[in-house]
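Colleague: structure of the sequence below:
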Amino acid sequence: MERATINIAKAQGKNFWVNAQELVTGRTAVIAQTGAGKSWTIGVICEQLCKSNIGFCIIDTEGEYFSLKEKFQLLWAGKDPACDVDLEKVDLKELVSAVLKENVPIIFDISDVIDEKAAVAAVCEALYEAESRLRVPYLLIIEESDKFAPQRNKVIKEIEEISRRGRKRGLGILLVTQRPAFINKTVLSQCGNQLIGKLTTEADLAAVNLFFASRRELEELPKLKSGEFFALGNIVKRKARIRVIGRETTHKGFTPQLLSKPVGKVSEIKERVMARAVAAPTTPPEMVAPTVAAPAEAMMKAFIPKLSRKELMKIIETKKRKKFGLFGPKELMISEELRFRPLVFVEIKYIGGFPRKSIKTSSFILDGLTSTLVEIEKGFVSRGGFKDLLGLGEIAAMVLVEIHRLKRATVAELEMRTNLSESTIRASIEDLSRLKLITYTKVGRAKVYLLLQKLALPSLEHHVHLQLPEETSISGAIKCKFDEQDLRVALKAIEPTCDITRFEIFYYPFYLVRFENRKIRIDGLTGGMLKPKN
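Modeller: Numbering: from 1, shown residues only. Coordinates of the predicted model:
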């Protein structure tokens, strides 16, 4: 097996092979921030090891690698009813000895285990003990390794032992992390091989500085696309920038994407659920209106309304319409209630300026329902934001932004701009077409893609000075429609080096007033009309 190699990527258009002996028995670190393609890369490595009949054990913290069984023979141990082996009932040492003797890859799925550290320690101890006797080449892969070998807390001793002495027993280790700044430096320094992908935070860049010969090379990391890595160490002949190849089995690590689909028949749902004595029908997620998070009071950061009851009633009276234009009685008010709209204060950092060497900061406020930019200094005012990008996956968002920038784009141009494969771009184009975001025209035989509607991308050079409100007890808080990761995907589609350094939700008061045939929203601080969508 000394000369065995596996193909995991492409470099400069050619297949890129790594030394399998060094990968399986050596010490390797796969490092990249969230969304940069770590789990995809580990999936590809596992597939290629399976194709070469090379044994390995992967510690699966999220329950996403069982899809390898779609094509390959692996043993799946965990607590899921579909697992081959119940992790809590099996004799762990006997199981590990068996898979080593038979050269069988195994997935230790600890996603449903209460004490993850204890489970990982037990697996590592069993592997190390068995390898001390059997001494066969075998690779231990540990996802989220900063949890189990942290910089500031106690390292699982078995991991430290394997990193130092496993090689002589044939037991290699591959550590996977998105935060190299949080992993134990002694353990990390043992890793003579590295696959390092996109990193943007200063602490993480400093943590991997020891692997690069110059600052210039380090500055390339924030510019890497998802799936791009620098390959270093003994697993390669020379350092190279690579793009990981496609998966052969289903990748379970993708963020679920919101796709347009027709609405079902209400009458059929009603009939079905009433027959089962269910209180109310379920509507598709994309049709659910913003709901109050909880009727009970909760402590949240929120501005307190300034309008008195008397002032509110006066404003409502001025908003009443005549039933017949200028004639007839005024419409009746049905109800009024105080609500709190979610807003998000965001701070970001990115590499900008000329020649793009300085770290820039920016801050803004987003409406938690519409994702539009908001100003609240003189009352609630909203304008363009991220609504066209939120809910898209990272690749679809990237492709959409490039079509916007090019005005008209072919698949070949998108390949060149994004460094994505043709098949990946075509899959994203299909999704964007289904969502009615793009269309195409033909120039000769080539399809040229265009936006179906204007994409208003916000400028990142924006600064808001905001004193966040104190926590107070409120009810009527509406749930924010997006989270930090949703926004991160949108921001990175606009500027790949961008990362979020602060994401804080707070609440803005308004009164929801219902008349006979309409409703209005009144700003709880200024008394003006609140006119954002939704």
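Colleague: residues contacting stretch 372-381, please?
Modeller: Stretch 372-381 is contacted from outside by 341, 343, 364-367, 382-385, 387, 458, 462, 464, 466, 508, 510, 523, 525-526, 528, 530, 532-533, using Cβ atoms under 8 Å, 6 or more residues apart in numbering. All C-beta spots, glycine's among them, are computed from the backbone N, C-alpha and C.
Colleague: which residues of the chain score low on pLDDT?
Modeller: Within the chain, the set of residues satisfying pLDDT under 70 comprises 1-3, 252-297, 324-327, 353-357, 532-534.
Colleague: what ranges do the helices span in it?
Modeller: With DSSP state H applied, the chain shows helices at 20-25, 38-51, 92-102, 116-134, 157-165, 185-189, 202-207, 215-218, 266-275, 309-319, 394-406, 411-418, 422-434, 484-494, listed in chain order.
Colleague: just checking, what packs against the second one?
Modeller: So the one you mean is helix 38-51. On a contact count with 3 or more Cβ pairs under 8 Å, 6 or more residues apart in numbering; DSSP states H and E, helix 38-51 meets strand 5-11, helix 20-25, strand 27-31, strand 56-60, strand 138-142, strand 171-177, strand 240-244.
Colleague: so which of those comes closest to L87?
Modeller: For L87, the closest of the helices and strands packed on helix 38-51 is strand 56-60, at 11.0 Å, according to Cβ to Cβ.
Colleague: list the buried residues in that closest one.
Modeller: Along strand 56-60, the positions that meet the burial threshold by neighbour count (16 or more other Cβ atoms under 10 Å) are 56-60.
Colleague: again, but for stretch 374-385
Modeller: 374, 376, 380, 382, 385.
Colleague: need these in a markdown table (columns: distance to L400).
Modeller: Conversion of the buried residues of stretch 374-385 to a markdown table gives the following (distance: Cβ to Cβ, whole Å):
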| residue | distance to L400 |
| --- | --- |
| V374 | 23 |
| I376 | 29 |
| F380 | 28 |
| S382 | 22 |
| G385 | 15 |
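Colleague: what is the nearest of these to F482?
Modeller: The nearest member of the buried residues of stretch 374-385 to F482, counting by Cβ to Cβ, is G385 at 10.7 Å.
Colleague: pretty sure the closest one contacts L366?
Modeller: Yes - with contacts defined as Cβ atoms under 8 Å, G385 counts as touching L366 at a distance of 6.0 Å.
Colleague: next up, the contacts around A446.
Modeller: T410.
Colleague: any idea how far it is from R417?
Modeller: Separation of A446 from R417 (Cβ to Cβ, to the nearest Å): 16 Å.
Colleague: go on, Q151?
Modeller: According to Cβ to Cβ, Q151 stands 38 Å off from R417.
Colleague: what is the orientation angle of the lengthiest strand in the chain with helix 484-494?
Modeller: The single longest strand within the chain, with elements called by DSSP state E, is strand 333-352. Strand 333-352 and helix 484-494 are oriented at 50 degrees to each other (axes from the mean of the first three to the mean of the last three Cα atoms, to 10 degrees).
Colleague: okay, angle between strand 333-352 and helix 309-319 too, please.
Modeller: Computed with the same axes, to 10 degrees, the direction of strand 333-352 lies at 100 degrees from that of helix 309-319.
Colleague: strand 333-352 - contacts with which helices or strands?
Modeller: Contact partners of strand 333-352 among helices and strands, from 3+ Cβ pairs under 8 Å, 6+ apart: helix 309-319, strand 358-367, helix 484-494, strand 499-515.
Colleague: report the buried residues of it.
Modeller: Neighbour-count burial for strand 333-352, counted by 16+ other Cβ under 10 Å, picks out 336, 338-346, 348-352.
Colleague: tell me the one of those nearest E402?
Modeller: Comparing these against E402 with Cβ to Cβ picks out Y350 as the nearest, at 17.6 Å.
Colleague: quick one, what contacts that closest one?
Modeller: If a contact means Cβ under 8 Å, 6+ apart, then Y350 has 200, 359-360, 362, 460, 495, 497-499 as its contacts.
Colleague: give me that answer again for 10 Å
Modeller: Taking Cβ atoms under 10 Å, 6 or more residues apart in numbering as the definition of contact, the neighbours of Y350 are 200, 222, 356, 358-362, 460-461, 491-492, 494-499.
Colleague: any idea how far it is from A397?
Modeller: 16 Å.
Colleague: equivalent analysis for I6, please.
Modeller: In terms of Cβ to Cβ, I6 sits 32 Å off from A397.
Colleague: okay, these two: which has more neighbours?
Modeller: A397 (23 against 20; other Cβ atoms under 10 Å).
Colleague: isn't that one up against D388?
Modeller: Yes - with contacts defined as Cβ atoms under 10 Å, A397 counts as touching D388 at a distance of 9.0 Å.
Colleague: domain assignment for the protein?
Modeller: The record, using automatic domain parsing to delimit domains, assigns the chain the ranges 23-244, 292-378+461-523, 394-451.
Colleague: most tightly packed of those?
Modeller: Comparing these by mean neighbour count (mean count of other Cβ atoms under 10 Å), domain 23-244 comes out on top with a mean of 19.
Colleague: measure that domain end to end?
Modeller: End-to-end distance of domain 23-244 (Cα to Cα, to the nearest Å): 16 Å.
Colleague: could you do stretch 403-422 as well?
Modeller: Distance between the two ends of stretch 403-422: 15 Å, counting by Cα to Cα.
Colleague: again with stretch 414-428
Modeller: End-to-end distance of stretch 414-428 (Cα to Cα): 11 Å.
Colleague: now it: how far from the chain's centre is it?
Modeller: On the basis of Cα atoms, centre = their mean, to the nearest Å, the separation between the geometric centre of stretch 414-428 and that of its chain is 20 Å.
Colleague: and stretch 412-430, by the same measure?
Modeller: For stretch 412-430, the distance from its own C-alpha centre to the chain's C-alpha centre is 20 Å (Cα atoms, centre = their mean).
Colleague: and the residue nearest to L525 when sequence neighbours are not counted, how far is that from K93?
Modeller: Once flanking residues are discounted, L525 sits nearest to K306: 5.2 Å by Cβ to Cβ, 6 or more residues apart in numbering. With distances defined as Cβ to Cβ, the gap from K306 to K93 amounts to 68 Å.
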